[in-house]
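> coords please:
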Amino acid sequence: MWDVIVVGGGHAGCEAARAAAGRGARTLLLALRLDRMAHLPCNCSIGGPAKAQLVREIAALGGAMPRVADATMTHVRMLNTSKGPAVQAIRAQVDKALYPARMQALLTATPNLTLLEGEAAALPTTDGRITGVTLADGTYLPARAVILATGTFLAACTFVGSDTRPAGRHGEPPAAHLSAGLRALDLRLGRLKTGTTPRLAYDSIDFTRCEAQPAEGPLHFQFAWQRPLSPAHPLIPCHITHTTETTHAIIRDNLHRSALYGGLISGRGPRYCPSIEDKVVRFAERERHQIFLEREGWDADLVYPMGISTSLPADVQAEFVHSIPGLEHAEIVRPGYAVEYDYLPPDQLWASLETKAVRGLFCAGQLNGTSGYEEAAAQGLLAGLNAVQYLRDEAPVLLARDEAYLGVLVDDLVTKGTEEPYRMLTSRAEHRLVLRQDNADLRLADLGMRLGLLPPADYFYFCAKRNAIDAELARLDALPPGDAGVDGAGLASTLEWLRRPESGYDTLRTVDRTAAHLPADVAEQVETAVKYEGYIRRQLRQIAAQRRLETRRLPEALDYRTVHGLSREAIEHLNRVQPRSIGQASRVAGVTPADISLLLVWLAAQERRGVSRETVGV
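Alright, predicted model coming up:
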């Protein structure tokens, strides 16, 4: 009997398995191919706006992705440096061969974790609880909890023009049986689509016709107190080129041959990472589109041209690629393709990522309708944590929207659902000023320690950092500007001097010995806290007001038809989502402020009557 079985060895599955095993659960990671665990089937990028915040949160909780990315990155930059800290983000490229190799080694060395090749076909249950996994060959693997992290493999097909093949990604078979197993549990499935670009031979590209973008550094996803590993080789540049009018004309002339526009694909594609066909059609006024040429590793022979994912036939791909500056003689080693797959609409999940239909069955990653390695890894970590909470009969780990980007991600999924691949964006986080990538440790490291994923030695250094921040803020508040060596006539403290737009901590370092010796990550937090104090206070007041709604708990299994006055649309959506609080109910699609007012009146009446939340509406 296994405590936890994780189905799928992608980024969600790796984090889920490591989290469950790291908390002492006897864990089995079941993958179609063990040698493809943590594979990077699309580009080799990790991080970027909103995604870097997720990776930093994984780091603060003790997850694996940041550790492996730091050790294998080939290129890194800090994005949005001209903007405020709320939207600044690290974006790195990693070695496409070394990253999965490092992750596989990490998993192999994890205590309590066993790896097994096989295909899950069915999910047996007893009295509404999961009891294990049945494989395609008939083998039954008993388990107390199961985490599904199947990526794009469920009943999946790939498309290159009219060439359609059953595959979860290039060269790998799909999971052919599990969709039926999920439907047997009365779970709804839908279809989504994603895609990838043609791969180009490195030595066939004329980089002199492209703009070089050098790497920056040192930058890490892990925090300084985690003593992150640095890559073994120097960072390398990527290059930028653009499509042309000729490129667009070739694509327009061949739209009927695209699997997407030819009617072969029914699933919705990603809105924020469209194919080149979509770009040409939807943004017809654009004269060109940017392409990043990313080498897939230090010694890799392949280049990933980010920005031209496509499902056009191979001959058309070659024609439009050769119309792009620098790629006139580029050799296409492997054509791009689209992949269509089954997913589980996530409004069927609780915020713990456990299914509402089956106790002990958790889902994470692209199965839940998300896109991106980072979104998958973050969900996997949460699912692994909550599978163990379920085994221990303890309350699930639930992150609020004001606590983490991961909280925003999960709340959006389970409350609103999604009918297209969901991508994390900074605009989705209404409290993004307090959910920065630079303060993820201050928000979540305590939780990582309590859950047992953060090593005690790391937590010791984190506490030292936090204490140093508090001490420096107190010192600056008590230090007259003259004593610090800065010109602050009329100001009571150096803290007030630092609050000025023209003042900076770098200037203070040149004249104040204590500031000069303060670690860079501590100085960053001090300056941000001072510069943005007014904005942060305002956002904290907004958070406090929203939390009052989040603390107004709604009964479990409430039949919203019993709440008089609600609109039909609100009743339908509320009965499906079963929100746990008034705050969550306010974010359900189709629920209006008038509906929330009715719910508050109804809830107050129930509380006056002392009605148990377990029995109301049942």
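> Can you spell out the domain ranges of this protein, please?
Here the domain assignment for the chain is 2-191+341-445, 199-338, 455-539, 551-608, based on automatic domain parsing.
> The second one - what's its average pLDDT?
Just to be clear, that refers to domain 199-338. On average, the pLDDT along domain 199-338 is 94.
> Likewise for the first one?
In this model, domain 2-191+341-445 has an average pLDDT of 97.
> where does that domain sit relative to the chain's centre, distance-wise?
8 Å (CA atoms, centre = their mean, to the nearest Å).
> Start and end of that domain, how far apart?
29 Å (CA to CA, to the nearest Å).
> Counting neighbours, which bits of stretch 527-546 end up buried?
For stretch 527-546, the neighbour count (16 or more other CB atoms under 10 Å) marks Glu527, Thr528, Ala529, Val530, Lys531, Tyr532, Gln539, Ile543, Gln546 as buried. (Each C-beta comes from the backbone N, C-alpha and C, glycine too.)
> okay, it in CSV with CA atoms only?
Output of stretch 527-546 as CSV, limited to C-alpha atoms (Å, rounded to 0.1, in the frame of the first residue of the first chain):
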residue,chain,number,x,y,z
GLU,A,527,14.6,50.4,0.5
THR,A,528,11.4,48.9,-0.9
ALA,A,529,9.7,49.0,2.5
VAL,A,530,10.6,52.7,2.8
LYS,A,531,10.0,53.9,-0.7
TYR,A,532,6.6,52.2,-1.1
GLU,A,533,5.4,52.5,2.5
GLY,A,534,2.3,54.6,1.6
TYR,A,535,1.2,52.3,-1.3
ILE,A,536,1.8,49.2,0.8
ARG,A,537,-0.2,50.5,3.7
ARG,A,538,-3.1,51.3,1.3
GLN,A,539,-3.0,47.8,-0.1
LEU,A,540,-2.9,46.3,3.3
ARG,A,541,-6.1,48.2,4.2
GLN,A,542,-7.7,46.8,1.1
ILE,A,543,-6.6,43.3,2.0
ALA,A,544,-8.0,43.7,5.5
ALA,A,545,-11.4,44.7,4.1
GLN,A,546,-11.4,41.8,1.7
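> what's it in contact with?
With contact meaning CB atoms under 8 Å, 6 or more residues apart in numbering, stretch 527-546 is reached by 84-85, 401-402, 430-431, 433-434, 436, 438-439, 469, 473, 476, 495, 498-499, 504-505, 583.
> now that stretch, how far from the centre of its chain.
Stretch 527-546 sits 25 Å away from the centroid of its parent chain (CA atoms, centre = their mean).
> Go ahead and list the helix or strand containing the residue nearest the centre of the chain.
The centroid of the chain falls nearest to Glu375 when counting by CA atoms, centre = their mean (1.8 Å). Taking DSSP states H and E as the definition, Glu375 sits inside helix 373-391.
> Now do that helix: which elements does it pack against?
strand 2-7, helix 11-22, strand 45-47, helix 51-61, helix 65-72, strand 140-148, strand 361-363, helix 405-416 (3 or more CB pairs under 8 Å, 6 or more residues apart in numbering; DSSP states H and E).
> got the angle between that helix and helix 51-61?
Helix 373-391 runs at 30 degrees relative to helix 51-61, counting by axes from the mean of the first three to the mean of the last three CA atoms, to 10 degrees.
> Specify the angle between helix 373-391 and strand 140-148 in degrees.
Counting by the same axes, to 10 degrees, helix 373-391 points 130 degrees away from the direction of strand 140-148.
> Buried residues of helix 373-391, list them for me.
373-391.
> ok, now how distant is Leu549 from His573?
Using CB to CB, to the nearest Å, Leu549 is found at 17 Å from His573.
> ugh, typo on my part, it should be Ala109
Ala109 is 46 Å from His573, by CB to CB.
> Please apply the same query to Thr194.
Here Thr194 is placed at a distance of 27 Å from His573 (CB to CB).
> and what of Glu550?
In terms of CB to CB, Glu550 sits 19 Å off from His573.
> higher neighbour count, the two?
Neighbour count, other CB atoms under 10 Å: between Glu550 and His573, His573 has more, with 22 against 17.
> Surely His220 and Pro231 touch.
No. Here His220 lies out of contact with Pro231, judged by CB atoms under 8 Å, at a distance of 10.2 Å.
> Identify the contacts common to these two.
Asp70.
> could you pull out the helices for the stretch 401-550 of the chain?
Assigned by DSSP state H, counting those that start in this stretch, the stretch 401-550 of the chain shows helices spanning 405-416, 440-450, 456-478, 481-484, 494-499, 505-511, 513-516, 520-531, 533-550.
> Would you point to the one among those that's packed deepest?
Each of the helices of the stretch 401-550 of the chain was assessed for mean neighbour count using mean count of other CB atoms under 10 Å. The highest is helix 405-416, with a mean of 24.
> one step back: nearest spatial neighbour of the residue nearest to the centre of the chain, skipping sequence neighbours?
Distances taken as CB to CB, 6 or more residues apart in numbering put Met424 closest to Glu375, at 5.5 Å, once the chain neighbours are dropped.
> just Leu549 next, same as before
Nearest residue to Leu549, sequence neighbours excluded (CB to CB, 6+ apart): Gly583, at 3.7 Å.
> show me the contacts for the one you found.
Going by CB under 8 Å, 6+ apart, Gly583 touches Gln546, Arg547, Leu549, Glu550, Arg552.
> In a markdown table: those residues, plus pLDDT and distance to Asp127.
Formatted as a markdown table, the contacts of Gly583 follow (pLDDT from 0 to 100; distance: CB to CB, whole Å):
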| residue | pLDDT | distance to Asp127 |
| --- | --- | --- |
| Gln546 | 88 | 38 |
| Arg547 | 89 | 36 |
| Leu549 | 89 | 35 |
| Glu550 | 91 | 32 |
| Arg552 | 91 | 32 |
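> circling back to that earlier point, for the residue nearest to Glu375, give me its contacts.
Counting by CB under 8 Å, 6+ apart, Met424 touches Ala50, Lys51, Gln53, Leu54, Thr370, Gly372, Glu374, Glu375, Tyr405, Val408, Leu409.
> same question, Ser179
Residues in contact with Ser179 (CB under 8 Å, 6+ apart) are Leu154, Ala155, Leu189, Asp342.
> Selection in PyMOL covering whichever of the residues you listed are buried, please.
This is the PyMOL syntax for the buried subset of the contacts of Ser179, where burial follows 16+ other CB under 10 Å:
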select buried, resi 154+155+189+342
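> and of the contacts of Ser179, the nearest to Trp602?
Checking the contacts of Ser179 against Trp602 with CB to CB, the nearest one is Leu189 at 34.0 Å.
> The closest one and Ala52: what is the separation?
Relative to Ala52, Leu189 is positioned 31 Å away (CB to CB).
> element containing Gln606, please.
Applying DSSP H and E, one finds Gln606 within helix 593-609.
> Now do that helix: everything it contacts.
Here helix 593-609 makes contact (CB under 8 Å, 6+ apart) with 552, 554-555, 563-567, 570, 582, 585-586, 616.
> about what we covered before: so can I have a markdown table of the helices of the stretch 401-550 of the chain showing distance to Ile596?
Output for these, formatted as a markdown table (distance: least, CB to CB, whole Å):
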| stretch | distance to Ile596 |
| --- | --- |
| helix 405-416 | 14 |
| helix 440-450 | 28 |
| helix 456-478 | 37 |
| helix 481-484 | 49 |
| helix 494-499 | 38 |
| helix 505-511 | 44 |
| helix 513-516 | 49 |
| helix 520-531 | 34 |
| helix 533-550 | 8 |
